[in-house]
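S.K.: Next input, structure requested:
(chains A, B, C and D)
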Protein chains: 2
Amino acid sequence: MALEHAILVSLLEKPGSGYELARRFERSIGYFWTATHQQIYRVLKRMENDGWVEARDVPQRGRPDKKEYSVADLGRAALSSWLHDPIEPESVRHDLAVKIRGAAFDDPAALIREVERHRQAHRDRLAHYLAGEERDFTGPEAGAAAPDASPDAERELQHVVLRGGIAYERMMIGWLDDVLATLARFRPGH
Amino acid sequence: MALEHAILVSLLEKPGSGYELARRFERSIGYFWTATHQQIYRVLKRMENDGWVEARDVPQRGRPDKKEYSVADLGRAALSSWLHDPIEPESVRHDLAVKIRGAAFDDPAALIREVERHRQAHRDRLAHYLAGEERDFTGPEAGAAAPDASPDAERELQHVVLRGGIAYERMMIGWLDDVLATLARFRPGH
DNA sequence: ACTTGCTATGCAACGAGTTGCATAGCACGA
DNA sequence: TCGTGCTATGCAACTCGTTGCATAGCAAGT
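M.R.: Residues are numbered from 1 along each chain as shown, chains lettered A, B, ... in the order given. As a prediction, the model looks like this:
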């Protein structure tokens, strides 16, 4: 399980409450790791019991108090040990690929709209990534104006992960074009 | 859940036992959907109860009997209805990306070997895919000699899914090269 | 005879992830 | 003032997926 480790990384980048973490998992972290707020609250509680993180009550104006978590020494050690462990052949689940092979036993052309929807979603996400890259990682000073001026290594590593997302989206768009061209060959009257 | 649907597709391509399915999920199907034998047996039993598949005892020489499953009308209908349902923004889990961002809080250079291992695994898989493509989808007659001569649509769709796997592996290899170049900049004495 | 290894199926327990629901404070507009 | 919506946290029930173990037949080597 790596949700704990994803949370540790996120809290090291910036301490925050369960709610804030949940929102990060809808945004930047969520691009390579998804989690719902229930999962996050449950795991945070376990991590607090294990001494991986420490909570601090933060009263707020105009909204409920929050519990702000930050990483404790034990958590840092746990992350470090996980980083040094070799891992996983990562298991894969591509619904769309199942659908495409399944389309051979149904009407292949019926899949065209679905594939177009997915291609559009990948285009949108690519545009979103590129905008983020432009904003945070380019231009004069090469990011000196970035939010809270993270150290070099942190920024460079965030950037290379983002480049991975960009490469992934471009690959998917290209492949979905290929899929559409293939499906088009089965159009009625062809 | 799409394991049921992945099994339906696999059984439509060719009927087989739970054991045989488990092996397919280590091979071709497993390239885009993983499952262990326990999962498969459990789901097959449920699918049999629901009338999606039918089992037939097949005695064998020199080995235990097997239960060969094939898709029933209800299963075909269920697959068809799933194919027509729009779906999922697919949730993502990339351990390696978590590790890379986490490396900012540890020694980034310690990650190099791990990334190299992954790159090699992707190279191996790419070579395996390309060999499969060569074997099944190229050459004179363009696959007329392929195993059990599947209909055109089935073969073409299998091919386009395989091309997706190839594109994915190429993208990953390129990105991991990028990651290695980035990590190299943090080498001790740099 | 003994071990190793492959085919073939399955149970039981656990852990991870999802879904639905509940609570509560406060802001803002109709 | 009433509903809508956002911040903030959490429980309970369920499903999905993993791990460890068990059984059993037969083949092949030592």
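
S.K.: which one's the longest helix in chain A?
M.R.: Of all the elements of type helix in chain A, the one with the most residues (DSSP state H) is helix A:152-184.

S.K.: close to chain B, is that helix?
M.R.: Yes. Counting by C-beta under 8 Å from any C-beta of the partner chain, chain B has neighbours in helix A:152-184: A:153-154, A:156-161, A:163-164, A:167-168, A:170-171, A:174-175, A:178-179, A:182. (C-beta placed from N, C-alpha, C; glycine too.)

S.K.: Now which of those residues would you call buried?
M.R.: A:153-154, A:156-161, A:163-164, A:167-168, A:170-171, A:174-175, A:179, A:182 (16 or more other C-beta atoms under 10 Å in any protein chain shown).

S.K.: show me where pLDDT drops low in chain A?
M.R.: A:139-150, A:188-190 (pLDDT under 70).

S.K.: can you give me the helices for it?
M.R.: Ranges of helices within chain A are A:3-13, A:18-24, A:37-49, A:73-84, A:95-102, A:112-137, A:152-184, based on DSSP H.

S.K.: Now do the fifth one against helix A:152-184, angle only.
M.R.: I take that to be helix A:95-102. Per axes from the mean of the first three to the mean of the last three C-alpha atoms, to 10 degrees, the angle that helix A:95-102 makes with helix A:152-184 is 20 degrees.

S.K.: what's the answer for the third one, then?
M.R.: For helix A:37-49 against helix A:152-184, the angle between stretch directions is 150 degrees (the same axes, to 10 degrees).

S.K.: distance between helix A:37-49 and the chain's centre?
M.R.: Helix A:37-49 sits 19 Å away from the centroid of its parent chain (C-alpha atoms, centre = their mean, to the nearest Å).

S.K.: quick one: is it near chain B?
M.R.: No. Using C-beta under 8 Å from any C-beta, helix A:37-49 stays clear of chain B, with a minimum separation of 11.5 Å.

S.K.: Then the second one?
M.R.: No. Counting by C-beta under 8 Å from any C-beta, chain B is not contacted by helix A:18-24; separation bottoms out at 11.9 Å.

S.K.: contacts for stretch A:111-125?
M.R.: Identification of contacts with stretch A:111-125 by C-beta atoms under 8 Å, 6 or more residues apart in numbering or on different chains yields A:96, A:99-100, A:103, A:165, A:169, A:172-173, A:176-177, A:179-180, A:183-184, B:83, B:86-87, B:89.

S.K.: Return the residues in contact with the residue nearest the centre of chain A.
M.R.: Nearest to the geometric centre of chain A sits residue A:31, at 2.0 Å (C-alpha atoms, centre = their mean). By C-beta under 8 Å, 6+ apart, the residues touching residue A:31 are A:129, A:162, A:165, B:92.

S.K.: next one: residue A:36
M.R.: Neighbour list for residue A:36: A:22, A:25 [criterion: C-beta under 8 Å, 6+ apart].

S.K.: Could you pick out the residues of chain A near DNA strand C for me?
M.R.: Contact residues (C-beta under 7 Å from any atom of the strand) of chain A with DNA strand C: A:1, A:3, A:34-36, A:38-39, A:62-64.

S.K.: Let's see the ChimeraX selection covering just the buried ones among those.
M.R.: In ChimeraX, a selection of the buried entries from those looks like this (16+ other C-beta under 10 Å):
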select /A:3,34,35
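
S.K.: how about the residues of chain A next to DNA strand C, which pair is most distant?
M.R.: Using C-beta to C-beta, the residues of chain A next to DNA strand C span at most 36.5 Å, a distance reached by A:1 and A:62.

S.K.: thought residue A:130 was touching residue A:166?
M.R.: Yes. Using C-beta atoms under 8 Å, residue A:130 makes contact with residue A:166 at a distance of 6.7 Å.

S.K.: Which one's more surrounded, those two?
M.R.: residue A:166 (17 against 13; other C-beta atoms under 10 Å in any protein chain shown).

S.K.: ok, now which ones touch the more buried one?
M.R.: A:126, A:129-130, A:133.

S.K.: Same list (the residues you listed) but as JSON lines, adding distance to residue B:114.
M.R.: Below are the contacts of residue A:166 laid out as JSON lines (distance: C-beta to C-beta, whole Å):
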{"residue": "A:126", "distance to residue B:114": "27"}
{"residue": "A:129", "distance to residue B:114": "24"}
{"residue": "A:130", "distance to residue B:114": "28"}
{"residue": "A:133", "distance to residue B:114": "25"}
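
S.K.: Perfect, that will be all.
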